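[1] got a structure for you, letters missing:
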């Protein structure tokens, strides 16, 4: 939020610690539940992949489309969430997302056939896309300036926690089903319970939206200034001049330029160079194959001889490593800078992926990797996720939020985000078929992208640490 010139000194209270900090933390955490569902839904399918293949007797290509089709819903949800939130408010948008999550969870747990399951996956994806946009925007709009960065990090923390919890729940359900993904529990197969349990956090998300206020920015935009002042009084320092704060928000809104795709054009048929850099960052983040670790890890380990219980356990430990790496990135990103973290991450990922490619090149013995290669594959998989999480998992989003000039920021972010969803879909949809072709070769492809990301960062990406948004344009 841009500070207005000539703002009265009394607004400086924003820099002080608000008396209602605990309440503000609760509000941000409640909004970040959308991120939790984002992570949970993105990863929960990992536990159902092989069961879905068996239940509906489908090949790798068709299976990949069912898994990846949720990303189509994600792209649509992300593209439309901003407009929906501007029309009906952030809170109502969150409630729609929670309702769609709930419906998707029930439908995915009780599908009539594979096509029915695909439809519910798209609906859940739409909810994911909405949550990925609305949560961070809402948190930024209700957070005191002195705490905006830390409260904003709740979204990413919630995503990685959601991934970990989904893996833990999947592991627990599998144990109840005696290690069989199609084992029956209370009339349903284990994989159906895995997908259906998401009803619980989805309903919790919906209930939490009843306990948090609407964004002051939205309230002011629809003329509800009195209510906006009440919300500002809830989240900011008690001696803040509420009239001045409302005036500041109104002025900032009037000054904003709504960027369009036309603003991104450089030469006649191309984007501006900075937009291509954003697209490159988004695509490299996905093309190293990170979502294979969350969508297909259980399937991957089972394909090289690990039993289902062991494969689910390794998926869970990988998600814990993801949380640890994210925490490291949150601590270091403002200390060492974005570009050094990205370079360290690229190097670590390239080495880990190369080790996985070597391990998976070994011929299976009685359906299992030999001992040395199995150990290397497990360690390298965890190291890969660690280096991704402490670098590209966080740094790319920081770069995209900071690198574009103000006049094109919104439109450029939209293009970069679209590129990320497309690259995510390419990796998710192609992995089963590529793995059937050559698992080691697949990991060599991911390795090559990790290696290529190093000169890309060195040559084209500029450090944004310590610079104001105004300096970027």
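    Ah, there it is. Here the structure is a predicted model, which means the values were calculated and not measured. Numbers count the residues shown, from 1 in each chain.
[2] make it CA atoms for all contacts and neighbour counts henceforth
    Noted.
[3] what about residue 28, which helix or strand?
    Secondary structure assigned from DSSP states H and E places residue 28 in helix 21-31.
[4] quick one: average pLDDT of that helix?
    Averaging pLDDT along helix 21-31 yields 86.
[5] Adjust the sequence numbering to begin at 46 for everything that follows.
    All set: I'll call the first residue 46, so the last point we hit is now helix 66-76.
[6] Which residues does that helix contact?
    Residues outside helix 66-76 that contact it (Cα atoms under 8 Å, 6 or more residues apart in numbering) are 180, 183-184, 187-188, 196-197, 199, 250, 253-254, 257, 279-280.
[7] cutoff 7 Å now
    For helix 66-76, the surrounding residues in contact (Cα atoms under 7 Å, 6 or more residues apart in numbering) are 180, 184, 188, 196, 199, 253, 257, 280.
[8] just checking, which of the residues you listed belong to helices?
    When DSSP state H is applied, the contacts of helix 66-76 are split such that 180, 184, 196, 199, 253, 280 fall in helices.
[9] Can you list the buried residues in the helix holding residue 73?
    Judged by neighbour count using 16 or more other Cα atoms under 10 Å, the buried positions of helix 66-76 are 66, 69-70, 72-76.
[10] Redo those residues as CSV? Include distance to residue 380.
    CSV is the format used below for the buried residues of helix 66-76 (distance: Cα to Cα, whole Å):
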residue, distance to residue 380
66, 25
69, 26
70, 24
72, 27
73, 24
74, 25
75, 28
76, 27
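[11] that older thread, quick one, which of the contacts of helix 66-76 are buried?
    Buried among those (16+ other Cα under 10 Å): 180, 184, 188, 196, 199, 253, 257, 280.
[12] Tell me the one of these nearest residue 356?
    Among those, residue 199 lies closest to residue 356 (Cα to Cα), at 29.0 Å.
[13] which residues does that closest one contact?
    74, 77.
[14] try the one 4 residues further on
    By Cα under 7 Å, 6+ apart, the contact list for residue 203 reads 77-78, 80-81.
[15] same deal with residue 430?
    Applying Cα under 7 Å, 6+ apart, the residues contacting residue 430 are 363, 366-367.
[16] Could you save these as a markdown table and add columns showing neighbour count?
    Formatted as a markdown table, the contacts of residue 430 follow (neighbours: other Cα atoms under 10 Å):
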| residue | neighbour count |
| --- | --- |
| 363 | 26 |
| 366 | 21 |
| 367 | 27 |
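[17] Redo those as a markdown table? Include secondary structure.
    Shown next, in a markdown table, are the contacts of residue 430 (DSSP: H, G, I helix; E, B strand; the rest coil):
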| residue | secondary structure |
| --- | --- |
| 363 | helix |
| 366 | helix |
| 367 | helix |
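[18] and which of the residues you listed is nearest to residue 497?
    Out of these, the member with the shortest distance to residue 497 (by Cα to Cα) is residue 367, at 22.8 Å.
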